[in-house]
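J.: quick check, what structure comes out for this input:
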Amino acid sequence: MLLLLMAIVFSFSTCKYSFKDTSPIPVEIVNFRVNYFENKAQYVNTQLSPQITEKLKQKIISTTRLRQTNSDEADYDISGFISQYYTSTISIAGANASGNRLTVGFHLIFKNTKDDTKNFETDLTRTFDYAAGKSLSEIESEKTPDIVRNFTDEIFNKIFSNW
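T.: Just a heads-up that it's a prediction; the model follows:
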């Protein structure tokens, strides 16, 4: 009896799961401009600005129908800057630091020239923990690809998916 009841319940149950873009690109939007992202943090990792700038351009080109332009009349105008880049101690063992954290912040400025109500500015922050025995230069060479990928994805999602 129990088996029959379970069979009936499961035969009528369905599960539907899908992803839907919450903000599709309007038809009137045809191009974009990504301005060079400056590095305004106290400590400057010279690789971050050019890499994030270029990766974002490539991601937009490869995943949307938009064309890149350098015109001041771009439909989507994307700018921003690296606002934070510092390390701090997060754990201590005995009298020594045993863990550190690299904090990277980015200030994003987005302008939609076709619809001013879609303009926004936001701050994005990511942290990367590492063992205190490693130097900052070691961590930079190890974590820079992750930092670039994370910020590129987050900037893209903020603009195109409303995340």
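
J.: next secondary structure after the lowest-mean-pLDDT helix or strand in the chain?
T.: In the chain, no helix or strand scores lower on mean pLDDT, DSSP states H and E than helix 2-12, which sits at a mean of 52. Later in the chain than helix 2-12, the nearest helix or strand by DSSP states H and E is strand 31-34.

J.: any residues touching that following strand, and which ones?
T.: Strand 31-34 has contacts (C-beta atoms under 8 Å, 6 or more residues apart in numbering) with 53, 56-57, 60, 66-71, 74-79. Just so you know, the C-beta spots here come from the backbone N, C-alpha and C atoms, and that holds for glycine as well.

J.: direction included, what does it pair against?
T.: With DSSP bridges as the test, strand 31-34 is paired with strand 67-68 (parallel), strand 76-93 (parallel).

J.: which one, of those strands, ends up nearest to residue 105?
T.: Residue 105 sits nearest to strand 76-93 of all those, at 3.1 Å, using C-beta to C-beta.

J.: for that closest one, buried residues please.
T.: With burial defined by 16 or more other C-beta atoms under 10 Å, the residues of strand 76-93 counted as buried are 76-85.

J.: and the angle from the top helix by length along the chain to strand 76-93?
T.: As assigned by DSSP state H, the longest helix anywhere in the chain is helix 136-160. Here the directions of helix 136-160 and strand 76-93 differ by 140 degrees (axes from the mean of the first three to the mean of the last three C-alpha atoms, to 10 degrees).

J.: in helix 136-160, what counts as buried?
T.: Applying a neighbour-count criterion of 16+ other C-beta under 10 Å, one finds 139-140, 143-144, 147-148, 150-152, 154-156, 158-160 buried in helix 136-160.

J.: what's the answer for stretch 25-45, then?
T.: For stretch 25-45, the neighbour count (16+ other C-beta under 10 Å) marks 25, 29, 31-34, 37, 39, 41, 45 as buried.
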